[in-house]
Structure formats: structure tokens, C-alpha cells
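Undergrad: heads up, no residue letters with this:
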């Protein structure tokens with residue numbers, strides 16, 4: 001196994017996850033603003049916007065599930081750094 005700098009590797013994962021969560025929060029605010037500003041849009045368009053928000057929410061959940069595996073479940077196991085969750 002090659003020498004891996006674990007703090008830098010996991011630090012990048014954590015910062016990426018935090019950035020993704022922040023962007024997901026921005027999307028949630030945009031969803032609320034959209035539904036307040038455009039109540040007359042068609043049901044089809046509203047459904048599309050809601051579907052995209054649901055996909056984004058699931059994506060954020062999957063990112064944090066993977067981060068939990070790497071940072072909490074595999075804590076102290078350097079051999080798990082190269083494992084793809």
C-alpha cells in the first residue's frame with residue numbers, strides 16, 4: 001500500500017461533503033422561493049422542481065452516509081482509506 005496522508009485525504013472528503021450540504025441548503029431555499037413566487041406554474045413544472053429537490057436531498061444523504069463510514073465506522077483503520085463505499 002502506498003503512503004497515504006490520511007488527514008489530507010479525509011479532510012478533503014469532509015470539506016467536499018460540507019460544501020455539498022451547503023449547496024443543498026441553497027437549493028432548498030430556492031425551492032421555497034420558487035413555490036412562493038410562482039404559484040401559477042403548471043403542475044408538471046412544479047413536479048419537476050420537487051423531483052429535482054428530492055434527488056438532491058437523497059444525494060446529500062448518500063454523501064453523508066459515505067462520510068460516516070469513512071470518518072466514524074472506519075476510524076483508526078488506515079487500510080480502509082482505499083476502500084470505495
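TA: Yes, it's here. Predicted, not measured: the structure shown is a model, and the values here were computed from it. Numbers count the residues shown, from 1 in each chain.
Undergrad: report the longest helix in the chain, please.
TA: helix 6-37 (DSSP state H).
Undergrad: quick one: secondary structure of the residue in the chain sticking out farthest from the centre?
TA: Centroid-distance maximum for the chain: residue 40 at 30.7 Å, with CA atoms, centre = their mean. Using DSSP: H, G, I helix; E, B strand; the rest coil, the structure places residue 40 in coil.
Undergrad: one step back: quick one: mean pLDDT over the longest helix of the chain.
TA: Helix 6-37 shows a mean pLDDT of 91.
Undergrad: following element in sequence after it, please.
TA: For helix 6-37, the succeeding helix or strand toward the C-terminus, using DSSP states H and E, is helix 43-68.
Undergrad: which residue is nearest the centroid of this structure?
TA: Note: the chain centre (CA atoms, centre = their mean) maps to residue 60, 2.6 Å.
Undergrad: that older thread, name the helices or strands packed onto the longest helix of the chain?
TA: Contacts defined by 3 or more CB pairs under 8 Å, 6 or more residues apart in numbering; DSSP states H and E place helix 6-37 against helix 43-68. C-beta coordinates here come from the backbone N, C-alpha and C atoms, glycine included.
Undergrad: can you spell out which helices and strands pack onto the helix it packs on?
TA: helix 6-37.
Undergrad: for residue 55, see how far away residue 62 is.
TA: As judged by CB to CB, to the nearest Å, residue 62 and residue 55 stand 11 Å apart.
Undergrad: stretch 40-51: how far from the chain's middle?
TA: 23 Å (CA atoms, centre = their mean, to the nearest Å).
Undergrad: pLDDT on it, on average?
TA: Mean predicted confidence for stretch 40-51 is 96.
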